[in-house]
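Engineer: no sequence on hand, only this structure:
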């Protein structure tokens, strides 16, 4: 008897078929009827293990009531219109089912289609000419339904005919997965079958048998994650050696945590370890385990009972098993999840494991990562890293199991929404043209020039109007107008940094001016800033562009206005990393998104308030509350404190500092919640962990001198250490962490004088790099080819190595100068490129510009003039090419022109645009010294951290030249103009500002310190003792 | 008749298959020209050129009108018109409708191909279930319906129900055209016209499927594809697509290929293919990797394109006539966008050349950009359009680029101009002012303004050019939207212009003449299109018209080929084993899984076909399946290529794309792969020493104290201002406004000497002088005036009376004239004056000594960046200042 999943249909014909299938088909067959696929109902679908699927279209026609006029023209009594081919209909279902299976499981089993006429015999089928619609072998007749053998043979036959080419096996596993999708309660019914869980945690307090070992290793290679505790070294080694054999047999080996093909050395037998971890396999040897646990424990998929929970806590204390991570990894899929993860507690690993769980759990796994999961990271690098890790995870699964569905996951990762919030937002916007009015291919671009022009218009109008009212208005004007325009634009920028939509700011929320130097400042905002930005936005949109800073505002508008359902988003889980750095608008976007998504979507949020260091971009300490919006009880809340980075002793020292900061309420830190613990032990001596270097630093040179001494001695220490031990690149790195870019510059300059090489990660300097400037100079020379100064400028660039006697140009006419210069260039180009300068120009004005530029770049090889250092040459080339790619994207490649190149470079260089450049990372196995800002060091780690500038007064807010914010329906601002005049409004509170700033600086210090692996050194300037500084916090 | 599907196992042994007799004498259509060539090289004579050709040739000849350019242009215009005039039939708000219209016009090309697909698939609007559609899809269905119900339908006519006669004609036309294009002589003679073979198609287009359907009514259509059971997961993609046809797949079990001969040159690559195949079937126990496979790492696409360019250039040297064939490695890229770059480097080699790639083409785009159809005249919204027109080599100039260069010198003058007329007026003003300048001091003042430093000849040339430009723009576009059949009229005029004014009138280089000739022959083809549409539509379809005709005999040649072309080229390797290298490039996950390309053109989606349509017709099913399977195609092609390659092989990938970083393709990574950086081959070349190149003649003159000051401030400034320009020349609007302020202040001081200071008097004077000299700065705005007058007033208002100007005062004024400021306070350094010791009193001896030829020879003219850069005339040229600001 077949398994009939659905109720018997009420139609007579279908009912008859149902009865026959039920009675005559074997019990490994599952039958569904009247199920919906792609919005339409099929009649029957038969699944047979190890064979495949057949869809049957039933037509309960009576033989005397039909006339077949053509394949798609069957007159049937009782129907107004002629009926189409039932075979084609069946094929359509077959097609839908196959596509669904292959999109979900990445396999194509045999799916076939048949037609069934329960009231028509074979003879009548020929008589009525139904044979033109379906072949006999694909058709079930009245008599077929009445005989068990005939029915079964006919169905077998259909499979046989089509099995000429082998399809994917319709295995037990695959069928089960498909069935789970179709039958909600299947899990319970199916308990007797062997269904493998995502993970098993096993504790063997006494013994473990060979059979048990073999079985858990077999399961491991079927994809089950194993966490095993044993009580003796013998068992520990026995399991490892079995695992090793299994790896060898399957030709798999591992490197660090990851698996690859080709068995080489396998697992080394070392007798002094008590834990072994590779991908999905953790083995712990816990001494006197039997005293901690009395019976064998087996926990599937993290379903820990209360009784076992205690035991696990004990085990976690006496081993490196991370219970906190385990719990989050297996946390319920029904709730939103918030994880407060301290510095270095393995956030990325956690998120990767969580996704592994979501994709592999028994009950409701994810089948398409690209559609069902989104992950928002703080930086582009983090997104790249996350994708890499996720791919590697699924590759590991694939290497272990050989299942195609893991390959599908690998492929889906590239399509998945794993990106920064801006890119994520842009991607959503691309799908919502109904609301954006943009093409799906809109460009992200900015045009500060047009924006400025838009300001000019409104500012001009405003001033004219005021002047008409009061002719002396302009003469009384206290500040230069160009500075006013600049500052107005800066105020707008500050608000954009926090994704504030100007449309929402109401007049009554703007406060009143306090200094009254420019009492009409609010007027200026309303009459100039708001409309100018609106016009600029319109202008951009009209040419299918959006300014990056407007993206989230636009998205927010879309989400809050009308978009109650986003057609294209079917996410089930949304991961957000570094949540403490999101601003209110972004939080709003997440909340609205969660509602607009077409399915129930759960959040997985990771963050650490202590590391909230982006206040200037609108990050606030109430981010978590704001997100939970009073519904904290609907969330699962976790903390991670086990640190994998820093020396345990150093962490203890930090704890003292942080606790004090916590008690002063300048850091959100309490010992019981936030203290980090680790098993990391480094070679640092006790007194090397945290060092204060005092210095009389009235003259900042002194501090830098001392810094250089420290660097040299630390370097020597590490080099010494490296003689006996292999250190990772991070461990070999000394990082000098500072607050601002100018400090980086001073540090580097001072070090250069002592021949110390310091690497800097400036990052956003593409438009300041020599490769960019040189290119600009050559295109300028080409386009200003009759101006001697442009030609000289080019000759002086890295494109040539000419050394000219320019004094010969003194006191001659411009025409003669031009002649001299052209002569020299002719000779140079002739010898280098085999063509004169004039021919180069000729080519420029008749050939595609890139063609000419490439020729010049390749033959003149400017990188050779730029530097002799190979790495610098590589950087030069890589960034030149990166620049070209960006320009191509700015325009269309084939439409790129000389003037566009000039315009693009001009705007970006002359307005000092920040754009990440490409670095060629090299690891030469030596000690690295880097200097960077704390903000850029976030998420990274270094052997030694040095803080040279700790003496600045962190309560000093006078340095704030311009600030603007819109918070709690209040617009606040303070603006200091070039000539020293200041204006601010009543919503801007200086005392709150001081407190906020101290707290922010404290958190920055927290981030700086927690970067250290082995030791931390800070310089204490004895000549500067402000009220509160990093030094004073560290000293306490 | 019918359709039947056969598989073959080893492409080198198709002639051993049972169906060989059925396929060896009939018309034979392959997925690509490379497959045609490959088969020919293996099976020789029996695969006569013409009898064997591409399926594109067949569809083109069967659906001649549909595949023509004129049809495409006409349809573009129709679709544009429907969108622009569409009313709200689908229940959107006005704003939504407006948005959707805009987005459809921005996505013109995709909408165009979607609409065509709908016609090609004979979609019936009544069968589309509305509730499953997105608003964008509802809208495109409405557009589709709108066309069907209007007379525009005739522009979308696709022939159906061909007679056997018509089919035969199309077949022989396709074959004979192929023969002609390959320069072979004689007609094709085919014995067997009852069978038609189609080999190797993975991506079936709706048009191909219609072709197959139509032909199968009269003939037996045989579809052939390669299948190897031992790699069933790799080949599943083919099985999936071909099982969507409503017919049998026949697989005569036969010889499969296994690499066994480890001495053969291709062995390593063949084993790699085998390993990947095994891996995909979950087998890994039985293979070993002896040494890691190597993969070349290119930093970015441009670097990769550069590598290819070098291979190509070497081939060009070897065989200038057939460089493609002479390439010592054939390159196949999973992401063929390298060709976009290469097309620019080697336009000659690409069959289709865009006229618009060349400066000449940009001219027309820029003119169109400037044309405001509502005002029926030119409007400058972006001065770059003017620059573009001047840089195109179309407007008359003495030497190439001179117009652009003159424009560069005068750019500041044109700030704020909104029409060509505005520009001409300002030029006129400059000429007039120059003419009437007699005052020496004024002359000197004016000499610091860039646009007054232009020669009269240059001015005249620019004026002429602008006038011509204006005339041309009107000639092309005046009353465009009012004219009936405006497209035709426009292109007629364009043709006339190119023919008469450019081709016949100028002495042009060979390349240029060739470009224009090919545009002209293209224009011949599209000349008779009867289409009218908006000016915007004209702008956006111009590129369609202005593709040049392919040179005969040179079909689309791709220097970097795509993976579709592997199957044929592989077959050629058997003959030239030693010398041939197949280079598989862009092997990253993103490229192989083709993340970049959507499956369907917007706004169509899988759901649109599968849910809203319920595709009952097999053609739908094959089409949809093929699109969905595209992501598996490249994986297959890579393995196939490696497996059947008989020569050497190379693997490479491109590491960075924008801000994304990629890793090699994961299947390769699992097998262990070693990266080699290509960039390392490019660096560390010693450049030839050119110290012997120098000025042959020259003069020596005295330097003034101001030259000396420049020298003290910044060596590069000295080089630029004193040596190169011989003067201080303000070039950009910011500095010109500052300079105007200085000039105003200096003249005021001059004329107020000795007078008592009264604010009213001062203001009066300031306004008076300002009004007088602002004519030299026609771009200044009222807000500039406010700042200028306020600044000067604040400075001069301090004393009780105006002093009589002393030598010292005059020196100060001169310094301001040349350097804008004499003092600059650095807020970062306790307001220290950074110019404090830069303007000492010096005598000529000191100057001569410090600026002696010997001294100047020794120094390097490096820039010294500081606050003063902000007011340096050449700051935007030397740009050192911008590279150092935080």
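Structural biologist: Structure received. Values in this document were obtained by computation on a predicted structure and should not be read as measured data.
Engineer: tell me the strands beside the longest strand seen in chain A, with direction?
Structural biologist: With DSSP state E applied, the strand covering the greatest number of residues in chain A is identified as strand A:1012-1021. According to DSSP bridges, strand A:1012-1021 has the following sheet partners: strand A:690-695 (parallel), strand A:942-947 (parallel).
Engineer: and among the ones you listed, the most buried is which?
Structural biologist: Ranked by average neighbour count under the criterion mean count of other Cβ atoms under 10 Å in any protein chain shown, the strands paired with strand A:1012-1021 are headed by strand A:942-947 at a mean of 27. All C-beta spots, glycine's among them, are computed from the backbone N, C-alpha and C.
Engineer: need the contact partners of the helix or strand that comes right after that one.
Structural biologist: Using DSSP states H and E, the helix or strand that follows strand A:942-947 towards the C-terminus is strand A:962-967. Residues from elsewhere that reach strand A:962-967 (Cβ atoms under 8 Å, 6 or more residues apart in numbering or on different chains): A:487, A:490-491, A:494-495, A:498, A:500, A:504-505, A:509, A:584, A:618, A:620, A:971-976, A:988, A:993.
Engineer: quickly list the domain ranges of the chain.
Structural biologist: Just so you know, I chose chain A. For chain A, whose domains are defined here by automatic domain parsing, the residue ranges read A:3-189, A:196-321, A:324-442+A:556-640, A:446-543, A:686-761+A:923-1035, A:766-910.
Engineer: meant chain B, my bad for not saying
Structural biologist: By the record's domain assignment, chain B is partitioned as B:2-63+B:161-250, B:69-156, B:267-349+B:556-680, B:355-545, B:705-884 (automatic domain parsing).
Engineer: out of the ones you listed, flag the one nearest residue A:227.
Structural biologist: Evaluated over these, closeness to residue A:227 peaks at domain B:267-349+B:556-680, with 25.3 Å, by Cβ to Cβ.
Engineer: quick check: residue A:495 touching residue A:502?
Structural biologist: Yes: using Cβ atoms under 8 Å, residue A:495 is in contact with residue A:502, at 7.0 Å.
Engineer: out of those two, which sits in the busier spot?
Structural biologist: Between residue A:495 and residue A:502, counting by other Cβ atoms under 10 Å in any protein chain shown, residue A:495 is the more crowded of the two (24 against 19).
Engineer: what about that one, distance to residue B:24?
Structural biologist: When Cβ to Cβ, to the nearest Å is applied, the distance between residue A:495 and residue B:24 equals 75 Å.
Engineer: thinking again about what came up before, which of the domains of chain A sits closest to residue B:519?
Structural biologist: That would be, of the domains of chain A and by Cβ to Cβ, domain A:766-910, which comes in at 14.1 Å.
Engineer: endpoints of that closest one, how far apart?
Structural biologist: Counting by Cα to Cα, to the nearest Å, you get 13 Å between the two ends of domain A:766-910.
Engineer: same question for stretch A:434-450.
Structural biologist: Distance between the two ends of stretch A:434-450: 26 Å, counting by Cα to Cα.
Engineer: what does it contact?
Structural biologist: Stretch A:434-450 is contacted from outside by A:426, A:429-431, A:433, A:536, A:539-541, A:544-549, A:551, A:554, A:558, A:561-563, A:889-890, A:907, A:911, B:92, B:96, B:98-100, B:102-103, B:105-107, B:110, B:135-136, B:602, using Cβ under 8 Å, 6+ apart.
Engineer: which of those fall within helices?
Structural biologist: Among those, the ones falling in helices (DSSP state H) are A:426, A:429-430, A:433, A:536, A:539-541, A:551, A:554, A:558, A:561, A:889-890, A:907, B:96, B:98-100, B:102-103, B:105-106, B:110, B:135-136.
Engineer: quick one: the helices in the stretch 251-400 of chain A?
Structural biologist: A:289-292, A:306-318, A:323-329, A:347-360, A:369-372, A:380-401 (DSSP state H, counting those that start in this stretch).
Engineer: how about the helix or strand just after the longest one, does it reach chain B?
Structural biologist: So the one you mean is helix A:380-401. Secondary structure here is assigned by DSSP H and E; on that basis, the next helix or strand after helix A:380-401 toward the C-terminus is helix A:404-415. Yes: using Cβ under 8 Å from any Cβ of the partner chain, helix A:404-415 comes into contact with chain B via A:404, A:407, A:410-411, A:413-415.
Engineer: whichever residue of the stretch 51-200 of chain B sits closest to chain A - nearest residue in space that isn't next to it in sequence?
Structural biologist: For the stretch 51-200 of chain B, the nearest residue to chain A under the criterion Cβ to the nearest Cβ is residue B:106, separated by 2.7 Å. Counting by Cβ to Cβ, 6 or more residues apart in numbering or on different chains, residue A:439 is the residue found nearest to residue B:106 once chain neighbours are left out, at 2.7 Å.
Engineer: could you verify that the one you found is part of a strand?
Structural biologist: No: residue state for residue A:439 (DSSP: H, G, I helix; E, B strand; the rest coil) corresponds to coil; a strand is not indicated.
Engineer: so what's it scoring on pLDDT?
Structural biologist: Residue A:439 carries a pLDDT score of 92 in this model.
Engineer: for residue A:563, same thing?
Structural biologist: 60.
Engineer: any regions of the chain where pLDDT drops low?
Structural biologist: Assuming you mean chain A. Counting by pLDDT under 70, chain A contains low-confidence ranges at A:185-194, A:271, A:562-564, A:761-763, A:892-894, A:920-923, A:1036.
Engineer: that's the wrong chain, I wanted chain B
Structural biologist: Residues of chain B that meet the criterion pLDDT under 70 lie in B:1, B:288-290, B:347-355, B:511, B:526-527, B:544-557, B:577-578, B:594-598, B:828-829, B:885-886.
Engineer: in which helix or strand would I find residue B:668?
Structural biologist: Residue B:668 belongs to helix B:666-670, assigned by DSSP H and E.
Engineer: for that helix, what is the distance to the chain centroid?
Structural biologist: On the basis of Cα atoms, centre = their mean, to the nearest Å, helix B:666-670 is displaced by 33 Å from the centre of the chain it belongs to.
Engineer: got the residues of the stretch 601-750 of chain A near chain B?
Structural biologist: If contacts are counted using Cβ under 8 Å from any Cβ, the residues of the stretch 601-750 of chain A sitting beside chain B are A:741-742.
Engineer: nearest to chain B within the stretch 601-750 of chain A, name that residue for me.
Structural biologist: Distances between the stretch 601-750 of chain A and chain B by Cβ to the nearest Cβ are smallest at residue A:741, namely 5.4 Å.
Engineer: first vs last residue of stretch A:925-944, how far apart are they?
Structural biologist: Its start and end residues considered, stretch A:925-944 measures 16 Å (Cα to Cα).
Engineer: likewise stretch A:463-479?
Structural biologist: Length of stretch A:463-479, first residue to last, Cα to Cα: 13 Å.
Engineer: ditto for stretch B:309-325
Structural biologist: In stretch B:309-325, first residue to last residue: 14 Å (Cα to Cα).
Engineer: ok, residues contacting the helix or strand where residue B:179 lies?
Structural biologist: Using DSSP H and E, the element containing residue B:179 is helix B:164-181. Outside of helix B:164-181, the residues within contact range by Cβ under 8 Å, 6+ apart are B:27, B:29, B:49-51, B:53-54, B:57-58, B:60-62, B:162, B:186-188, B:190, B:193, B:196, B:214-215, B:218-219, B:552-553, B:555.
Engineer: could you do stretch B:464-484 as well?
Structural biologist: Looking at what lies outside stretch B:464-484 - Cβ under 8 Å, 6+ apart - the contacts are B:367-368, B:370-371, B:373, B:376-378, B:386, B:389-390, B:395-397, B:403, B:420-421, B:423-424, B:427, B:486, B:489-490, B:493-494, B:497, B:532, B:534-535, B:538.
Engineer: can you check stretch B:194-204 too?
Structural biologist: B:1, B:22-23, B:25-32, B:35, B:39, B:55, B:171, B:208, B:212, B:215, B:219-226, B:237-238, B:241, B:564, B:567-568, B:622-623, B:626-627, B:629-630, B:633, B:636.
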